[in-house]
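Undergrad: Sequence below, structure please.
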Amino acid sequence: MLTAPRSRIRSVAVGHGRDAESVDAAQAFVRCWQDLDKDVLVVVDWPEDAASWLRPARRLTAQSPDGWVLAGAPRGVARLARRLRRSTDWAADRTFGFSSLGTPRLVELAGADTVHGLRGACADGGTWDLRRGWTTCYEPPGRA
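TA: Next up, the predicted model:
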């Protein structure tokens, strides 16, 4: 998705929750992205519960990446996304997530306006996007 023909994304900031699955997903993405000779400007983690989400939000946006990649549980990502929207120049439509975020739960927790445009990949090779409060899943290419 990030390397589609018209994509202008070269540099990313990667954020992830501290659970093992999110850490592994983020690390795998970083390796693959760097193997493509693309830039990872920062990797930021966060706990599921934080007193303030301002520090990870600022770290994710400090270097003005072309896009963001997020891995984590909907609860933590929703809290982070709300802070990103209120306090930074973050854009949901330049943000990509792993399969755990392609759920109506993220929309419910973060608010439809906060995550409008966020999109990502499913475990089966399909994709998903969040638009106007709806979560839409798409079949992998070649599947009828």
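Undergrad: Show me the shaky parts of this structure.
TA: Low-confidence segments of the chain, defined by pLDDT under 70: 143-144.
Undergrad: Do a quick rundown of the strands in it.
TA: Using DSSP state E, the strands of the chain run over 11-17, 39-46, 67-71, 95-97, 119-121, 127-131, 134-138.
Undergrad: how many neighbours does Ala92 have?
TA: 20 (other C-beta atoms under 10 Å). Every C-beta, even on glycine, is put in place using the N, C-alpha and C of the backbone.
Undergrad: from what I can see it touches Arg82, true?
TA: No. Using C-beta atoms under 8 Å, Ala92 is not in contact with Arg82; the gap is 11.0 Å.
Undergrad: Now do the residue nearest to Leu84 when sequence neighbours are not counted against Ser64, distance only.
TA: Excluding the flanking residues, the one nearest Leu84 by C-beta to C-beta, 6 or more residues apart in numbering is Trp90, at 3.8 Å. Distance from Trp90 to Ser64, counting by C-beta to C-beta, to the nearest Å: 10 Å.
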